[in-house]
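>>> Pasting the sequence and the predicted model now:
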Amino acid sequence: MTKNVPQWLSGAVFYQVFPASFMDSNADGIGDIKGVIQKLDYIQSLGCNAIWLNPCFVSPFRDGGYDVADYYKVAPRYGTNADLKRLFKAASQKGIRICLDLVPGHTSTEHQWFKRSAEPDKNEYSNRYIWTDSVWDWSDDTAGAGYSHKPVIGYSQRDGNYFSNYFWFQPAINYGFAKPDPKKKWQLSCDDPKLQTVREEMKNIMRFWLDMGASGFRVDMASSLIKGDTGWKRTGQYWRSVREMFDREYPDAALIAEWFYPAKAIKSGFHVDFMSNGKCDEAKAYTALFRKEKQRSVIYGQGHSFFDKLGKGNICEFMDVYLKHYEATKRSGYISLFSGNHDFPRISIGRNQKELEIIFAFLLTMPGVPFIYYGDEIGMNHLNLQSKEGGFHRTGARTPMQWNGSANAGFSDAPHDKLYLPVDEHKDKINVDVQENAANSLLNKVRGLTALRKQNPCLCADGDFEPVYAKKNKYPLVYIRKCKGQKMLIALNPSGRDVEVSISCSGSEAIMEMGSGAHLEMAKGKCRLSMKGVSYGIFSIK
């Protein structure tokens with residue numbers, strides 16, 4: 001059992017909601033919190049018992065809400081603080097936890113902190129963001145967590161330039177430098193007393209929402225706080241202080257990192273971290289599963305993904321890296337894999353239902369805490385759209401949820417041209433209503449997989465994991481999950497060709513719990529596995 005981690009995480013299956021596109025309750029064309037409340041029964045029916053809600057705070061929405069202008073107030077387009085409190089309560093009554101999205105590394109230029117910081121005269125906010133001492137200082141050395149940005153020059157009447165943490169309108173909050181350059185007096189040490197106020201304020205922001213009923217936070221760009229922090233030692237110290245606060249005051253709340261390096265994030269106090277994004281091996285490992293070839297680009301890389309019927313992928317690109325992090329974290333926290341999120345093109349690109357079902361069979365039988373991105377459970381398409389609110393190539397993955405075949409796919413009663421983003425216009429577009437009534441739909445297959453996970457403790461976050469067939473450029477992938485005398489074998493063949501393998505597996509009987517096209521024979525400690533192209537099997541081993 002994982003130590004000092006909220007017990008509910010062991011059986012958690014998260015559903016990610018992008019609020020602008022999920023359900024519009026007031027016909028203004030934008031999804032809202034009341035819309036999420038209306039659809040809690042649906043989320044519960046998926047077998048999801050936790051929600052990651054993308055940023056819902058006051059913002060000019062130049063980056064989808066990741067440019068916060070007020071950490072303490074819900075954006076009016078989504079509702080009110082009272083609406084969010086009602087969501088916490090309504091979800092709790094259905095056994096669903098709500099984790100909010102926290103953006104601690106930067107704000108919007110519209111935030112009052114930054115407006116005061118940009119004033120020419122010194123005040124209590126002057127050091128809240130990273131500013132050079134002169135407008136003529138164009139230094140470019142705020143590197144940290146893989147980010148290095150040039151300063152934004154001549155923004156205000158303040159004699160200095162500020163550094164962004166991502167886009168230019170997202171000024172970096174000043175947590176200090178791990179090794180400040182003594183020649184640049186504006187580079188304050190992360191131990192400088194002048195910087196302690198914002199550290200405590202970020203904890204107070206968390207307390208505010210936890211006291212209201214939130215169950216935790218997914219922390220955006222968690223590793224980006226302290227600049228020049230090679231190895232994230234000082235950043236980790238800060239997050240461990242946050243974890244101490246959680247353990248002391250909110251022991252049932254979850255701290256989920258967007259760090260993309262689980263071994264470091266979990267050592268730094270997080271309960272959960274994702275393994276994706278960026279250019280590191282951990283990012284390449286995730287894209288090697290699902291993203292190569294389908295989405296050829298400088299972001300996702302070239303080559304072939306393992307979960308592709310062409311059968312040219314290499315599972316070792318993922319497994320070698322995954323096992324390193326799994327061994328480092330399996331008794332102290334969880335690695336999260338996900339179907340997609342607001343930063344990725346839809347996983348449905350170039351895939352049919354059968355292929356998507358195998359991906360979900362993988363996600364929902366692996367250790368850790370799985371995340372399902374809204375709409376992926378019905379195979380929603382990725383649309384090619386112009387950028388909206390800083391979405392750029394990601395915009396097409398943020399379109400309205402397709403609930404039924406009515407106007408606007410049941411997302412909103414607003415005029416079509418008032419929608420946050422356009423809905424899929426195909427006449428035969430997939431939607432929840434159609435799949436509800438089809439026993440073999442992707443939606444119902446996902447429900448079956450989440451139910452299977454819930455019914456079998458060995459498939460949940462803490463069950464032991466042992467790959468028994470994961471070979472370079474070979475198919476299938478076979479692994480065992482076990483705990484407390486229970487053992488299950490999962491075999492996945494995403495390739496379009498039939499495969500057969502012999503593996504070591506003790507037991508006298510194999511019962512298929514879910515899957516198709518897979519046959520397992522057991523004899524004298526050996527298993528003979530025969531699999532059709534694009535098939536999988538989840539077997540109980542007796």
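Arrived safely.
>>> Now do stretch 3-23, average pLDDT.
When pLDDT is averaged along stretch 3-23, the result is 97.
>>> Output that stretch as CSV, nothing but the C-alphas.
Backbone C-alpha positions of stretch 3-23 (Å, rounded to 0.1, in the frame of the first residue of the first chain) are rendered in CSV as follows:
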residue,chain,number,x,y,z
LYS,A,3,2.2,5.4,2.3
ASN,A,4,0.9,8.8,3.4
VAL,A,5,-1.3,9.2,0.3
PRO,A,6,-5.1,9.9,0.5
GLN,A,7,-6.7,6.5,0.4
TRP,A,8,-9.3,7.4,-2.2
LEU,A,9,-6.6,7.9,-4.8
SER,A,10,-5.9,4.2,-4.9
GLY,A,11,-9.3,3.6,-6.5
ALA,A,12,-9.6,6.9,-8.4
VAL,A,13,-10.5,7.3,-12.0
PHE,A,14,-10.4,11.0,-13.0
TYR,A,15,-12.5,12.7,-15.7
GLN,A,16,-11.1,15.9,-17.0
VAL,A,17,-13.6,18.7,-17.7
PHE,A,18,-12.7,21.7,-19.8
PRO,A,19,-15.4,24.0,-18.4
ALA,A,20,-16.0,26.2,-21.5
SER,A,21,-16.8,23.2,-23.6
PHE,A,22,-18.6,20.7,-21.4
MET,A,23,-22.2,21.9,-20.8
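>>> could you point out which element follows the least confident helix or strand in the chain by mean pLDDT?
Lowest on mean pLDDT, DSSP states H and E among the helices and strands of the chain sits helix 281-290, with a mean of 82. Per DSSP states H and E, the first helix or strand lying C-terminal to helix 281-290 is helix 316-329.
>>> angle of that next one against helix 281-290?
130 degrees (axes from the mean of the first three to the mean of the last three Cα atoms, to 10 degrees).
>>> now for helix 316-329, which elements pack on it?
Secondary-structure packing of helix 316-329 (3 or more Cβ pairs under 8 Å, 6 or more residues apart in numbering; DSSP states H and E): helix 262-267, helix 281-290, strand 334-336, strand 464-469. Every residue, glycine included, has its C-beta placed from N, CA and C.
>>> Mind putting these into JSON lines with distance to F392 and mean neighbour count?
Output for the helices and strands packed on helix 316-329, formatted as JSON lines (distance: least, Cβ to Cβ, whole Å; neighbours: other Cβ atoms under 10 Å):
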{"stretch": "helix 262-267", "distance to F392": "26", "mean neighbour count": "24"}
{"stretch": "helix 281-290", "distance to F392": "18", "mean neighbour count": "22"}
{"stretch": "strand 334-336", "distance to F392": "24", "mean neighbour count": "25"}
{"stretch": "strand 464-469", "distance to F392": "36", "mean neighbour count": "16"}
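>>> and the closest residue to K39 other than its chain neighbours, how many neighbours?
Closest residue to K39 apart from its sequence neighbours, by Cβ to Cβ, 6 or more residues apart in numbering: M23 at 5.2 Å. Counted with other Cβ atoms under 10 Å, the neighbours of M23 add up to 23.
>>> residues touching M23, list them.
Contact partners of M23, counting by Cβ atoms under 8 Å, 6 or more residues apart in numbering, are G31, D32, G35, V36, Q38, K39, M401, W403, F411.
>>> Give the buried subset of those as a PyMOL selection command.
In PyMOL, a selection of the buried entries from these looks like this (16 or more other Cβ atoms under 10 Å):
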select buried, resi 31+32+35+36+39+401+403+411
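>>> Between which two of the contacts of M23 is the distance greatest?
Using Cβ to Cβ, the contacts of M23 reach their maximum pairwise distance at D32 and W403, which is 14.8 Å.
>>> what helix or strand does D101 sit in?
Element membership of D101 [criterion: DSSP H and E] is strand 97-102.
>>> should've said K532
strand 526-541.
>>> in stretch 52-61, what counts as buried?
Using 16+ other Cβ under 10 Å as the test for burial, stretch 52-61 gives W52, L53, N54, P55, C56, F57, V58, S59, P60, F61.
>>> Pick out the most distant pair among those.
Farthest apart among the buried residues of stretch 52-61 by Cβ to Cβ are W52 and P60. That separation is 22.5 Å.
>>> Give me the contact list for the strand holding D101.
By Cβ under 8 Å, 6+ apart, strand 97-102 touches 8, 12, 14, 49-56, 65-66, 87-88, 91, 202, 205-206, 209, 213-220, 254, 256.
>>> Stretch 114-122 now?
Under the contact criterion Cβ under 8 Å, 6+ apart, stretch 114-122 has outside partners 107-109, 123-129, 131, 155-159, 162, 171.
>>> at 6 Å instead, please
With Cβ atoms under 6 Å, 6 or more residues apart in numbering as the test, stretch 114-122 has contacts from T107, N123, Y125, S126, R128, Y129, S156, Q157, R158, P171.
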